[in-house]
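# Predicted coordinates and the sequence they were generated for:
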Amino acid sequence: MNRLGFHCNRLFHIEGGILLNGLRRGEFYNFPQDDMVALIEQIRHLDIVMSIHTPLVRLDWYPEPPTWSFLCDIDREKRELTMRMVGDTAQRAEYFGAEYMVVHFPSPPSQEAPVDYDELRRIALESCYQLDLLSDRYGVSMHLEGIGPSPLINIEFLSEVFTEFPKFCCCFDTGHMSLASKREGFDLYRFAEEMAPYVGSVHLWNTRGVEDYLNFHHIPIHPSQRAEDGWVDIARVLKGLGAASNPFPLILESPPWYPEALGDYDYRDGVKWAKELLETSS
């Protein structure tokens, strides 16, 4: 089951997320520098297929949270700061031999004042050229994951990016795209179908809306989550993305536990469910 993997930002996640569930794939993010030797030893010893979520190493010179990206920001210095972080991660991805790395793009601008859409598009495409150069320099594939709020999360702009830069792939995030669909008023499942030609990987987690996200952040997927109760229909998204014909990796991007406030559920049942969904779609 090398398609399915677990998101790890602590060493103990390798045991609790990857090995405990019989997986051999992991996506690694924001580790302390002191953990790097142990991390690479475990990855090589356990023969784990590795991808990286920018940044791999916790950087004392980058603002919190490190998932914040300024690649669509009008402030050039902030864009350069994010590009420096991406460059650091790309260099480490080359060293680790990572299959690919995930970069947040498009992303919300940091300024509150509205920016003209055409100017925002120009800035974002300029960042794409810089990402493309880093991808070539370090020989690492880049998967772009959109997070909002951003007006650039639309099929017209994203298809332009993936057509203009064919080496890039889309990392389709089920939770973030659900939140974007509610905020921007588009149909999540139609959007998944339209993005399918560009998808190279998927992040799996669930949410019913922004309140869930603020309270629990990334909720593990679970078979109890019904679409009629507001949850993302994970099976329908995977079908729309073409999971049966495109063997892209799927990363369970949630902690190895289920929020007690949402029910007495075992997150491992969600892992088993994901395996079943993949088996029935292949």
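Ah, there it is.
# The chain: strands as residue ranges?
Using DSSP state E, the strands of the chain run over 4-8, 25-28, 49-53, 101-104, 142-145, 169-173, 199-204, 250-252.
# Mind putting the ones you listed into JSON lines with distance to Glu160, mean neighbour count and mean pLDDT?
Heads up, the C-betas are built off the backbone N, CA and C, glycines and all. Listed next are the strands of the chain as JSON lines, based on distance: least, C-beta to C-beta, whole Å; neighbours: other C-beta atoms under 10 Å; pLDDT from 0 to 100:
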{"stretch": "strand 4-8", "distance to Glu160": "29", "mean neighbour count": "25", "mean pLDDT": "97"}
{"stretch": "strand 25-28", "distance to Glu160": "27", "mean neighbour count": "26", "mean pLDDT": "98"}
{"stretch": "strand 49-53", "distance to Glu160": "24", "mean neighbour count": "23", "mean pLDDT": "98"}
{"stretch": "strand 101-104", "distance to Glu160": "17", "mean neighbour count": "27", "mean pLDDT": "98"}
{"stretch": "strand 142-145", "distance to Glu160": "12", "mean neighbour count": "25", "mean pLDDT": "98"}
{"stretch": "strand 169-173", "distance to Glu160": "13", "mean neighbour count": "24", "mean pLDDT": "98"}
{"stretch": "strand 199-204", "distance to Glu160": "16", "mean neighbour count": "24", "mean pLDDT": "98"}
{"stretch": "strand 250-252", "distance to Glu160": "26", "mean neighbour count": "26", "mean pLDDT": "98"}
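# Of all those, which one comes closest to Ile74?
strand 101-104 (17.0 Å; C-beta to C-beta).
# ok now that closest one, how far from the chain's centre?
Strand 101-104 sits 7 Å away from the centroid of its parent chain (C-alpha atoms, centre = their mean, to the nearest Å).
# same question, stretch 202-214
Per C-alpha atoms, centre = their mean, the centroid offset for stretch 202-214 relative to its chain is 13 Å.
# What is the linear distance spanned by that stretch between its boundary residues?
22 Å (C-alpha to C-alpha, to the nearest Å).
# Give me the contact list for that stretch.
7, 145, 171-176, 178-179, 182-183, 216, 218-222, 225, 229-232, 234, 238, 241, 243, 248-254, 274 (C-beta atoms under 8 Å, 6 or more residues apart in numbering).
# Name the residues of that stretch that are buried.
Neighbour-count burial for stretch 202-214, counted by 16 or more other C-beta atoms under 10 Å, picks out Val202, His203, Leu204, Trp205, Asn206, Thr207, Arg208, Asp212, Tyr213.
# how about those residues in JSON lines, adding distance to Glu15?
Compiled in JSON lines, the buried residues of stretch 202-214 are given as follows (distance: C-beta to C-beta, whole Å):
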{"residue": "Val202", "distance to Glu15": "24"}
{"residue": "His203", "distance to Glu15": "21"}
{"residue": "Leu204", "distance to Glu15": "20"}
{"residue": "Trp205", "distance to Glu15": "20"}
{"residue": "Asn206", "distance to Glu15": "24"}
{"residue": "Thr207", "distance to Glu15": "26"}
{"residue": "Arg208", "distance to Glu15": "30"}
{"residue": "Asp212", "distance to Glu15": "27"}
{"residue": "Tyr213", "distance to Glu15": "27"}
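# so where do the helices sit in the chain?
12-13, 36-46, 76-96, 117-138, 155-164, 174-184, 188-195, 210-216, 234-240, 267-281 (DSSP state H).
# ok, now which ones touch Ala98?
Taking C-beta under 8 Å, 6+ apart, one finds Met50, Ser51, Ile52, Arg92, Val140 in contact with Ala98.
# count of residues packed around the last one?
The local packing count at Val140 equals 22, with neighbours defined by other C-beta atoms under 10 Å.
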